[in-house]
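can't give you the sequence, but here's the structure:
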């Protein structure tokens, strides 16, 4: 930072003295106090100016921002803190103060700082040490949170419950365990891996995080039924308020943020650890059986004071103000993956006024409620998906199978490989919610909701989070410019450098699944099948949605250089919108770093056919949207450039494999030196090069031959 800039920010009183410095400071003061000052500006100034006086000035104005604004830029804030060796930095004090007041912010920061997959043969470097130290500091913070009620004292049964033992809360006897739990014991010992070492035994855990693992060890295992009921400090007696239960004892405030977040940390770890164990099993059938039994075991510990961090705001409730009550095992879907075992689950939650203080629903007897309507729907839509339980063999008793049944099974076997995930996603979401609610032991509770989520283990999702951040920034730019460009950033929760949770797009299928379901027909045929004849209102609406989303995603793929664009990584939703997923290759890395895909974006003949051909009005509309979106993105490029610049420095993300050239090439793609007329010609060239690019077709052919992706 120059001496002039330093002088500008030394004191607000310098504005009174007049001169150039005073004028500049007065202008900045007006900017920071205006409605235009947002987190993107704050991050830019925090990055560009290293002077602590500047940071004090900016952080003071950042106090007015919501936690959601801080969370969005949390990766950049943490990067700035990791690079700053001053433990008493103003920005660090600001973040710690906000973490004291927010469980979710503390969790997000802790998870982003966690390193589980570091090669233990390589000694930790200074960056890892600073990440560890910052995580320790956050977890040892004294929380400034509402008092938390003790569930065993305040629970009001709304369904048949179990009698507490010695006043210590719920305990399950052997007869309470559903028979399906036995599948966890019957999977062969040779095929079933041992559980991963407890969190406290993992060598790279911090001392603070180890304390959470020690709390978890209090319950020993998920078999206890109380794995997420962490002990709290003793309470200070006080006079109860009028109307409180006679057994009421005033709740205590947790001593540290580690203790306050222990239940949520352990709950999310329990989910991601399932994926680790599943990946070690040899066959898909055994994995499905194990997934069913793992979730059945997990349900023994629910409801609990834990939440799903990916949930959205609904009915006036915060996205974190709910309790997880149940995860139906029969609805779990094992997703396609060779080396990993990602899976999709549907989490039942009950909204509440405050997740920390509201009373938990009472535990049910574990038996789902069945109705004739629910059974019919379940068989119709999930005949393949729910077969997770291993069949019970009866070798001593001969089984007779009619010839008609044999023909039916052979006919099903001859069909194209039906992806269970595709079949489940095709079920209308409203109908799925109603079906699961009818079968759920908690479906009768007020404010019950169903939240789908994908659990991934063994993958570093920080790059996915970074791509989603860039998607959101572009989306906001186009919204501000009031352009009809549609993007759908997915919410991603990073729980460490080796796993996390991903949002599920409702009623969406991949292009591969769409072609699969229509027996290999074209994308246009699929649109006609789903939305009606080409002249119908339904088709025309879906066609317009397709064009607006295709233009937006094409620009994003060009700016961010998204690769690995096969038909399994591109989705279509129920309204015809196109959206991209899986951003493992962006900016400067590509599959095997070969750089095979050279098209600016994917624009196949099938896409053009859906738009009506190259001479159609919709194709001309597509080109207009590309130009408008390009101009708007160039106008606000600083927001994206700053986000990339901060993340690039000393980054371990694979997308920065090209080093400093990554940022330079990213900035050059905005073509800031071109006039609008020249930019129009540039966009035309991008379109023609994408249409005529033979490597796009070759890559799709390669994916079909090697992975069966249509």
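Yes, it's here. Fair warning: this is a prediction, and the values are worked out from it, not measured in the lab. Numbers count the residues shown, from 1 in each chain.

what's across from the most centrally placed residue in the chain in the sheet?
Taking CA atoms, centre = their mean, the centroid of the chain lies closest to residue 492, which sits 2.1 Å from it. Counting by DSSP bridges, residue 492 is bridged to residue 502.

Show me what counts as buried in the longest helix along the chain.
Determined from DSSP state H, the single longest helix within the chain is helix 537-560. In terms of neighbour count (16 or more other CB atoms under 10 Å), helix 537-560 has its buried residues at 539-540, 542-560. Every C-beta, even on glycine, is put in place using the N, C-alpha and C of the backbone.

same thing with stretch 93-101?
For stretch 93-101, the neighbour count (16+ other CB under 10 Å) marks 94, 95, 96, 98, 99, 100 as buried.

again, but for stretch 66-77
Result for stretch 66-77 [16+ other CB under 10 Å]: buried residues 67, 70, 71, 72, 73, 74, 75, 76, 77.

my guess is the third one contacts residue 103, does it?
No. Counting by CB atoms under 8 Å, residue 103 is not a contact partner of residue 71; they are 12.0 Å apart.

which is the next helix or strand following the longest helix of the chain?
strand 570-572 (DSSP states H and E).

Run through who's touching that next one.
Identification of contacts with strand 570-572 by CB atoms under 8 Å, 6 or more residues apart in numbering yields 505, 508-511, 514, 526, 546, 578-581, 602.

mind putting the residues you listed in CSV, secondary structure included?
Compiled in CSV, the contacts of strand 570-572 are given as follows (DSSP: H, G, I helix; E, B strand; the rest coil):
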residue, secondary structure
505, coil
508, coil
509, strand
510, strand
511, helix
514, helix
526, helix
546, helix
578, strand
579, strand
580, strand
581, coil
602, coil
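
which of these lies closest to residue 499?
residue 581 (17.0 Å; CB to CB).

Grab the nearest non-local neighbour of the closest one.
Spatial nearest neighbour of residue 581, chain neighbours left out: residue 569 (5.6 Å); criterion: CB to CB, 6 or more residues apart in numbering.

can I assume residue 347 sits in a strand?
Yes. Counting by three-state DSSP, residue 347 is part of a strand.

contacting residues for it?
The contact partners of residue 347, by CB under 8 Å, 6+ apart, come to 308, 324, 326, 327, 450, 451, 452, 453.

what residue ranges in the stretch 151-300 of the chain score low on pLDDT?
Counting by pLDDT under 70, the stretch 151-300 of the chain shows low-confidence ranges at 151-220, 231-254.

Then the chain?
Residue ranges of the chain with pLDDT under 70: 1-28, 87, 116-123, 145-220, 231-254, 311-320, 365-426, 519-520.

by contact count, what packs against the strand or helix carrying residue 467?
Using DSSP H and E, residue 467 falls within helix 462-480. Contacts defined by 3 or more CB pairs under 8 Å, 6 or more residues apart in numbering; DSSP states H and E place helix 462-480 against helix 74-83, strand 492-496, strand 499-503, helix 537-560, helix 617-635, helix 637-648.

For residue 136, grab the count of nearby residues.
Residues within reach of residue 136, counting by other CB atoms under 10 Å, total 16.

Would you verify that it is located in a strand?
No. With three-state DSSP as the criterion, residue 136 is assigned helix and is not in a strand.

What distance do you get for it to residue 109?
12 Å (CB to CB, to the nearest Å).

What of residue 133?
Taking CB to CB, one finds residue 133 at 13 Å from residue 109.

The helix holding residue 467: which residues count as buried?
462-471, 473-478.

Please identify which of these is nearest to residue 38.
Set against residue 38, the nearest of the buried residues of helix 462-480 by CB to CB is residue 476 (9.5 Å).

more neighbours, residue 133 and residue 109?
Ranked by neighbour count (other CB under 10 Å), residue 133 and residue 109 place residue 109 first, with 28 against 14.

Make TSV from the helices and strands packed on helix 462-480 and add distance to residue 674 to it.
Compiled in TSV, the helices and strands packed on helix 462-480 are given as follows (distance: least, CB to CB, whole Å):
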stretch	distance to residue 674
helix 74-83	29
strand 492-496	34
strand 499-503	36
helix 537-560	14
helix 617-635	9
helix 637-648	13
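
can I assume residue 453 sits in a strand?
Yes. Using three-state DSSP, the assignment for residue 453 is a strand.

you'd agree it is up against residue 500?
No. Using CB under 8 Å, residue 453 makes no contact with residue 500, being 10.2 Å away.

Which residue of these two possesses the greater neighbour count?
residue 500 (26 against 21).

For the more buried one, which non-adjacent residue is spatially closest?
Nearest residue to residue 500, sequence neighbours excluded (CB to CB, 6+ apart): residue 461, at 4.1 Å.

neighbours around the one you found, how many?
Neighbour tally, residue 461, other CB under 10 Å: 24.

Quick one: residues in contact with the host helix or strand of residue 91.
Residue 91 is part of helix 90-100 when elements are defined by DSSP H and E. With CB under 8 Å, 6+ apart as the test, helix 90-100 has contacts from 46, 52, 55-56, 59, 62-63, 67, 70, 77, 80-81, 84, 86, 105-106, 109, 134, 137-138, 141-144, 257.

Check stretch 655-671 too.
Outside stretch 655-671, the residues that touch it by CB under 8 Å, 6+ apart are 463, 466, 558-561, 585-589, 593, 630, 633-634, 637, 640-641, 644-645, 647-648, 678-679, 682.

switch the cut-off to 6 Å
Identification of contacts with stretch 655-671 by CB atoms under 6 Å, 6 or more residues apart in numbering yields 463, 559, 586-589, 634, 637, 641, 644-645, 648, 682.

now swap in stretch 295-311 and tell me
Applying CB under 6 Å, 6+ apart, the external contacts of stretch 295-311 come out as 180-181, 222, 225, 227-228, 263-264, 267, 319-320, 322-327, 329, 332, 347, 355, 360-361, 451, 453, 491, 493, 501, 503.

contacting residues around residue 106?
Neighbour list for residue 106: 99, 138, 257, 261 [criterion: CB under 6 Å, 6+ apart].

And these, which is closest to residue 126?
Nearest to residue 126 among the contacts of residue 106, counting by CB to CB, is residue 138 at 18.9 Å.

Test my guess that the closest one contacts residue 109.
Yes. Taking CB atoms under 6 Å as the definition, residue 138 is a contact partner of residue 109 at 5.5 Å.
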